[in-house]
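A.B. asks: I'd like to go over a predicted model; first the sequence, then the structure.
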Amino acid sequence: NLLNITGFEVPTVGITFDQSAGYSDQKIAEMENRIGTLKGIKEIKQYTSYDMTCVSTGGSEALNCDVYDNTKLYVDNIVEGKNPQTDNEIMLSTVMADRLGVGTGDVVYLEMNGKRQSYIVSGLSQGINHLGKKALINLDGVRRLDKTVMPSMLYIYSTGEVSAEELIRDIKEVFSDDTI
């Protein structure tokens, strides 16, 4: 499957937040609850991504880190181990693991905005997006580096009983009073 090769997680519908609107965890949870009442909703995930530096005894590399509130993804590109479950776990791409000289069970350090935290490599994934310079971490994990991190999108997955177009129409009706 082409999506597995690229490593992209593709929802049925994605909603991007206006970052200047000051969304809070409470506001995002309210949005999720409202969307969750619609017909055909299978799951909703919070998503964002950040550029940061990953450091090990084998070196230091810049990478792009996908951040989800729930890291159980639909794209299946795990080649070893598992998706990160706790706030101190990270999944690295095989490219990054090779460059850093690390594997599953090893400790790496993420650096962002002048802060540094340790993470255990929970698994390795394969993907070509960002030339393989990728990692996956959960929202609580990235908040160890910066407590102000907020999701930039909601990924909405359908059960298949409604089309993406119908889902978009229904979401717009629910949020006719809001800007989404």
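C.D. replies: In hand now; what should we look at?

A.B. asks: Please count neighbours and contacts with C-alpha atoms only from this point.
C.D. replies: Fine.

A.B. asks: Give me the neighbour count for residue 84.
C.D. replies: Using other Cα atoms under 10 Å as the criterion, residue 84 is surrounded by 23 other residues.

A.B. asks: need the contact list for it.
C.D. replies: Listed by Cα atoms under 8 Å, 6 or more residues apart in numbering, the contact set of residue 84 reads 71, 90-91, 122-123, 136-138.

A.B. asks: So which of the residues you listed are in strands?
C.D. replies: Mapping the contacts of residue 84 onto strands (DSSP state E) picks out 90-91, 122-123, 136-138.

A.B. asks: Most widely separated two among those?
C.D. replies: 123 and 138 (13.4 Å; Cα to Cα).

A.B. asks: Now do the shared contacts for those two.
C.D. replies: With contacts defined as Cα under 8 Å, 6+ apart, the residues shared by residue 123 and residue 138 are 84, 90.

A.B. asks: on that earlier part again, sort the contacts of residue 84 by pLDDT and name the bottom one.
C.D. replies: Of all the contacts of residue 84, residue 71 has the smallest pLDDT value, namely 82.

A.B. asks: okay, now that residue: neighbour count?
C.D. replies: Here the number of neighbours of residue 71 (other Cα under 10 Å) works out to 21.

A.B. asks: so how far is residue 161 from it?
C.D. replies: 24 Å (Cα to Cα, to the nearest Å).

A.B. asks: Much appreciated, bye for now.
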